[in-house]
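A.B. asks: Build me a structure from this.
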Amino acid sequence: MRAALERQRKAVRKQMESLHGVREDAESGFFTTPWPVWPRPVEPLPVSRIDCDPVPAQVLAPLIARASTRHSLPPNLLERVIARESGRKPCAVSAKGALGLMQLMPATAAALGVNDPFDVTQNVEAGSRFLRELITRYAGDLSLALAAYNAGPGAVQKHGGIPPFRETRSYIRAVLPVEPLQLQPE
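C.D. replies: Below you'll find the predicted structure:
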């Protein structure tokens, strides 16, 4: 657990350095609050309490384009998922512990081989791969895939379809485009 926390700290430092040119040192005043010492419990923060700038569109567009091509997903779908999940904020952490742009749960990120869930490249690649896996799993039913992305595949299985959660239903409506997507077979 200590190693995972240190990787997370390094990721935030790296992100702040790359996005804002801020370094952790006494002169900058950044990270002046000491990091919690284990075994102090770490409570996940709601996305609204995390404050970092959204990734600029010119930085995000090529990442989305690569992931879109690699996983046969429409770029606008990935853009909508990222916008809804994190507001394009790479440091986002949900109340349930989902991390980064595409809000990957730590176990999902680890299963997808992500070393640093706050690294925008790794996060977009892994989130796109996971979304493609869900679309394949649910035979192209994008509503079910999005429900599983939001609430988890276990919730979709338990409820035999889209879970009756208000947040999940709102998420699907927000992410689904007005026009049907043409998904390419994987």
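A.B. asks: Where does the prediction get shaky in this structure?
C.D. replies: 1-6, 8-50, 178-186 (pLDDT under 70).
A.B. asks: Repeat the analysis, applying 80 as the threshold.
C.D. replies: 1-51, 177-186 (pLDDT under 80).
A.B. asks: count of residues packed around residue 80?
C.D. replies: 16 (other Cβ atoms under 10 Å). Every C-beta, even on glycine, is put in place using the N, C-alpha and C of the backbone.
A.B. asks: How about it: what's its closest non-neighbour residue?
C.D. replies: Closest residue to residue 80 apart from its sequence neighbours, by Cβ to Cβ, 6 or more residues apart in numbering: residue 175 at 4.8 Å.
A.B. asks: Distance of that neighbour relative to residue 149?
C.D. replies: Computed as Cβ to Cβ, to the nearest Å, the residue 175 to residue 149 distance reads 9 Å.
A.B. asks: shared neighbours of those two, anything?
C.D. replies: residue 81 (Cβ atoms under 8 Å, 6 or more residues apart in numbering).
A.B. asks: Next secondary structure after the helix or strand where residue 83 lies?
C.D. replies: Assigned by DSSP states H and E, residue 83 belongs to helix 75-86. Per DSSP H and E, the first helix or strand lying C-terminal to helix 75-86 is helix 106-111.
A.B. asks: Enumerate the positions of stretch 67-87 that are buried.
C.D. replies: Of all the residues in stretch 67-87, those buried under the rule 16 or more other Cβ atoms under 10 Å are 67-68, 71, 73, 77-82, 84-86.
A.B. asks: want to throw those into JSON lines with distance to residue 117?
C.D. replies: Listed next are those as JSON lines, based on distance: Cβ to Cβ, whole Å:
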{"residue": "67", "distance to residue 117": "15"}
{"residue": "68", "distance to residue 117": "20"}
{"residue": "71", "distance to residue 117": "18"}
{"residue": "73", "distance to residue 117": "20"}
{"residue": "77", "distance to residue 117": "20"}
{"residue": "78", "distance to residue 117": "16"}
{"residue": "79", "distance to residue 117": "19"}
{"residue": "80", "distance to residue 117": "20"}
{"residue": "81", "distance to residue 117": "15"}
{"residue": "82", "distance to residue 117": "14"}
{"residue": "84", "distance to residue 117": "17"}
{"residue": "85", "distance to residue 117": "12"}
{"residue": "86", "distance to residue 117": "11"}
